[in-house]
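Asker: no sequence on this one, just coordinates:
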């Protein structure tokens, strides 16, 4: 017991007299009772924390929580609390901790509670919430939400949507497994690459799937998210260069209709209406062959030309190729361009014929157009249509179509030589390459071969429309042209450019708005800017 001293002073007459000092005892703080009922209340797995609770103690003004990984509570961690309950932090999962609590009344502490044990308990990893993928420069950025009970995260990405295919030729990439605990990084920028066809010029989305696991609970089980996708940020066109609106349309040859499909005389007005409604500056048309009005009538490309008042055929003469390839043609707006030169690329084999030694060249017209706006801007247009290779060839279909692109590149260099500055004229290529983007069974096909040689797929555009649907509609009406679940529709029809940057717009005209379905393909179109080569 402490004592305090009081001095009393009394005044007697003129004298002050001090009284006797008297000791007065003070009241000591009451020692709180021992804490009972210490137990784990909850845990925060991602925060590596456990909350402990206990029963309230009368007269307690605060509490102190103590824990250690040692049973003798050596080298403990302390946590003060003004209320019943406190969090243990920075815990190691699946580790046993020894815990006790004492109540305090001011600075007077009661006895420590009976020691209990607790753990940051691992549990089965939960399911994913929504993950997102967004365009990034030369890649995509993916963000994932916290997944309950995860100890590690990993992200997989590639150009193909089906990771279960064997073999997987799209060279998937993985980030290393990273801890789900503090610091919890759940956003990554995944780089595109040429080797797996994810760089911008291929026009492919990057498909992303996140994974989570809890190695403290089950080291073999991996939880996968739903797949998401995004395109890398497309190349931005040079707005000051010459604007050109190019369309490409496989119109289905006259006489090729099957299964009750209307003939050319019925389809031709719908084909022309689709083209005229979009009013392109340049058009590459494929399969406009066959007699337009029965035996002995004009070829379909001549009939189509008459129906397009703003466009004119570069060359209306029969080609020195088989009749089935006469309909590959180039049309242009004569009010905007003059034809400087034109011809047919040689050496692009028609692998519909077997063997290769007997395969003729396919009709692949080209034209050199010069703008009438006084800029002198000149460019090459190519209308390409590769035949479906015969199954008699031992090579895969994609491989043969890739060979067609290699042949086209060599032929194009012959008609488009480099100038004194080492530069070639820009090239706009439209056509049906008969090479599906999916299924993904090879990377040596028609489009990848051209892109690796410096072409750019115009579908990697500032604005895409209808690209979730296939470009080959198989003569299905718009109501039956569903979006591909992978958000990127099959495409065998392409517009590819060389020597210019990006595209402003790319459209797959899956709903032409005509009462008659014009063709088994949709017309595709792009708006680009072509530079003047000096």
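Answerer: Okay, I see it. Since the structure is predicted, the reported quantities are computational estimates derived from the model, not experimental observations.

Asker: part of a helix, is residue 267?
Answerer: Yes - counting by DSSP: H, G, I helix; E, B strand; the rest coil, residue 267 falls inside a helix.

Asker: oh, and call the first residue 152 from now on, that's how I've got it
Answerer: In the new count, where the first residue is 152, that last one comes out as residue 418.

Asker: can you give me the helices for the protein?
Answerer: Assigned by DSSP state H, the helices in the chain fall at 415-429, 451-457, 548-566, 597-603.

Asker: Show me what the last one is packed up against.
Answerer: For helix 597-603, the elements it packs on are helix 548-566, strand 644-649, judged by 3 or more C-beta pairs under 8 Å, 6 or more residues apart in numbering; DSSP states H and E. No exception for glycine: its C-beta is placed from N, CA and C like everyone else's.

Asker: Please enumerate residues in contact with the shortest one?
Answerer: The set of residues that contact strand 644-649 without belonging to it, under C-beta atoms under 8 Å, 6 or more residues apart in numbering, is 397, 399, 401, 575, 577-584, 597-598, 601-602, 605-610, 622-623, 654, 657, 672-673, 675-677, 679.

Asker: Buried members of these into PyMOL, please.
Answerer: Remark: buried members of those, expressed as a PyMOL selection using 16 or more other C-beta atoms under 10 Å:
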select buried, resi 397+399+401+575+577+578+579+580+581+582+583+584+597+598+601+602+606+607+608+609+610+622+623+654+657+672+673+675+676+677+679
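
Asker: Out of the contacts of strand 644-649, which sit inside strands?
Answerer: Among the contacts of strand 644-649, the residues falling in strands (DSSP state E) are 397, 399, 401, 578-583, 607-608, 657, 675-677, 679.

Asker: can you tell me which two in those residues are farthest apart?
Answerer: Distance extremes for those: the farthest pair is 401 and 607 at 21.2 Å, using C-beta to C-beta.

Asker: can you pull the contacts of residue 418?
Answerer: Residues counted as contacts of residue 418 (C-beta under 8 Å, 6+ apart) are 402-403, 408, 412, 667-670.

Asker: returning to what we had before: residue 351: which of the ones in strands among the contacts of strand 644-649 is nearest?
Answerer: residue 607 (8.0 Å).

Asker: surely that closest one meets residue 386?
Answerer: Yes - with contact taken as C-beta atoms under 8 Å, residue 607 and residue 386 are classed as touching, separated by 6.9 Å.

Asker: joint contacts of the two?
Answerer: Shared contacts of residue 607 and residue 386 (C-beta under 8 Å, 6+ apart): 351-352, 652-653.

Asker: Serialize those to TSV and add fields for distance to residue 271 and neighbour count.
Answerer: Output for the shared contacts of residue 607 and residue 386, formatted as TSV (distance: C-beta to C-beta, whole Å; neighbours: other C-beta atoms under 10 Å):
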residue	distance to residue 271	neighbour count
351	45	22
352	49	24
652	54	16
653	51	20
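
Asker: how deep is the closest residue to residue 493 other than its chain neighbours tucked in, by neighbour count?
Answerer: Closest residue in space to residue 493, ignoring its immediate chain neighbours: residue 518 at 4.1 Å, by C-beta to C-beta, 6 or more residues apart in numbering. By the criterion of other C-beta atoms under 10 Å, residue 518 has 25 neighbours.

Asker: Could I get the pLDDT score of residue 518?
Answerer: On pLDDT, residue 518 comes in at 98.

Asker: check contacts around it.
Answerer: Counting by C-beta under 8 Å, 6+ apart, residue 518 has contacts 465-466, 481, 483, 490, 492-493, 531-532.

Asker: and if we set it to 10 Å?
Answerer: Contacts for residue 518 (C-beta atoms under 10 Å, 6 or more residues apart in numbering) come out as 433, 435, 464-466, 480-483, 488, 490-494, 530-534, 579.

Asker: How about residue 461?
Answerer: Residue 461 touches 426-427, 430-432, 434, 482-487, counting by C-beta under 10 Å, 6+ apart.

Asker: Kindly report the same for residue 527.
Answerer: 393, 521, 683-685.

Asker: for residue 346, same thing?
Answerer: The neighbours of residue 346, taking C-beta under 10 Å, 6+ apart as the test, are 310, 321-322, 324, 594.

Asker: Separate out the buried members of these.
Answerer: Buried members of the contacts of residue 346, scored by 16+ other C-beta under 10 Å, are 310, 321, 324, 594.

Asker: Just the ones in strands from the residues you listed, please.
Answerer: Residues of the buried ones among the contacts of residue 346 located in strands (DSSP E): residue 324.

Asker: Kindly indicate which of the buried ones among the contacts of residue 346 lies nearest residue 278.
Answerer: Proximity of the buried ones among the contacts of residue 346 to residue 278 (C-beta to C-beta) peaks at residue 324, which lies at 23.9 Å.

Asker: What is the neighbour count of the residue nearest to that closest one when sequence neighbours are not counted?
Answerer: Nearest residue to residue 324, sequence neighbours excluded (C-beta to C-beta, 6+ apart): residue 308, at 5.5 Å. Residue 308: 28 surrounding residues under other C-beta under 10 Å.
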